[in-house]
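K.L.:
3D, please:
(one chain, ligands or ions: 1)
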Amino acid sequence: MLACRNGHRFDTNRRGFASLLVGSRKLIGDSAAMLDARDLFLERGWYTELRDALSALVAAESPHRVIDIGCGTGYYLRGVLDAVSGRDSPGSPSARTTGVGALAMDLSAAAVARTVRAGLTDPNSTTNGLVADVWSALPIRDGAADAAINVFAPRNPAEFHRILAPGGLLAVVVPHPSHLQELRAAGLALDVHGNKTDDLVTSLASGFHLESTADLSRTLLLSPDDVAALIGMGPSSHHPSSADPADRAGSTEVTVAFRLLGFRRSNA
Ligand SMILES: C[S@@+](CC[C@H](N)C(=O)[O-])C[C@H]1O[C@@H](n2cnc3c(N)ncnc32)[C@H](O)[C@@H]1O
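P.N.:
Predicted structure coming up:
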């Protein structure tokens, strides 16, 4: 049971999360089919390098409370929690943080359920779930997190500032303009808009300063199934094109390119 200071009460459902969606706006988060495609693609390890870089950035903070905003399948949150607790390198003598509390937030109830379920097997952390719209006031306490991650997901700078503790880390991943360029040229993927670093830094400027930037880029050789999963897991799946990824014979070279940005929350 959750309660707020105005006396509202919300039950945590049997799947282990609460839905605090309010209002009548018609909102669509990722569907189960998109999450299946994302699981399939990510579990093949194509984005391991990105997950490792993000996890190392967050683990360096030794956070006790981590929020994933737009958690999707929870792939990145699991990597982060493993790195923070040292599960990813058990022999290493560096400091470990146990008893980490994580909050997986997404507009999609199916995404939150998946992420919470995957977290149940981790003895070193507890993952709670929250279904909410990032464009609304978030039902999360001021300063509730030491670190927040936001990977290919929408952002609300004012709310991110409010829910992070002073000095907390906000790790953001955005696609680079060259991301999936071959699939865009073939009419299979949408253009990347609104993720220019300058615009991102400007939008966060009143509450954060940019502390680190890392560019990661690779050319993958993908099977037709991988290409279909890559398209099916992203926004292009909402906009079917006349080109069918399944029609592609043999392997396809695809550029994947990301920018990982570390923002420090100001103390004010
Ligand atoms: C491209 S996916 C990224 C998921 C995950 N971070 C990853 O990289 O695997 C974007 C995610 O943001 C969620 N999302 C979209 N609009 C949202 C909103 N208004 N509020 C909260 N989450 C939203 C989607 O449901 C989806 O899970």
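K.L.:
and the chain, which of its residues are near the ligand?
P.N.:
With C-beta under 6 Å from any ligand atom as the criterion, the chain meets the ligand at residues 27, 29-30, 38, 70-73, 75-76, 106-108, 111, 133-135, 151-154, 234. Quick note: C-beta positions are derived from backbone N, CA and C, even for glycine.
K.L.:
The residue of the stretch 51-200 of the chain found nearest the ligand: what's it in contact with?
P.N.:
Each residue of the stretch 51-200 of the chain has a distance to the ligand, by C-beta to the nearest ligand atom, and the smallest belongs to residue 72, at 2.5 Å. Contacts for residue 72 were tallied using C-beta atoms under 8 Å, 6 or more residues apart in numbering; they are 30, 35, 38, 106, 111, 115, 151, 152, 153.
K.L.:
which element follows the strand or helix carrying the fifth one toward the C-terminus?
P.N.:
Read that as residue 111. Residue 111 is part of helix 109-119 when elements are defined by DSSP states H and E. Using DSSP H and E, the helix or strand that follows helix 109-119 in sequence is strand 125-131.
K.L.:
Sheet-wise, list the partners of that next one with their directions.
P.N.:
strand 17-19 (parallel), strand 100-106 (parallel) (DSSP bridges).
K.L.:
Below-threshold pLDDT in the stretch 1-150 of the chain: ranges please.
P.N.:
Of all residues in the stretch 1-150 of the chain, those with pLDDT under 70 make up the ranges 1, 3-11, 20, 22-26, 91-95.
K.L.:
again, only this time at 80
P.N.:
Judged against pLDDT under 80, the low-scoring parts of the stretch 1-150 of the chain cover residues 1-28, 87-96.
K.L.:
Residue 48: neighbour count?
P.N.:
Summarising burial for residue 48: neighbours were counted as other C-beta atoms under 10 Å, giving 12.
K.L.:
show me where the stretch 151-268 of the chain has helices.
P.N.:
Using DSSP state H, counting those that start in this stretch, the helices found in the stretch 151-268 of the chain span residues 157-163, 181-185, 197-204, 224-232.
K.L.:
okay, the ones you listed, which one's buried deepest?
P.N.:
By mean neighbour count, with neighbours taken as mean count of other C-beta atoms under 10 Å, helix 224-232 ranks first of these at a mean of 20.
K.L.:
Residues contacting the helix holding residue 111, please?
P.N.:
In this structure, residues lying in contact with helix 109-119 by C-beta under 8 Å, 6+ apart are 15-17, 19, 29-32, 35, 39, 68, 71-74, 77-78, 81, 102, 104-106, 125-131.
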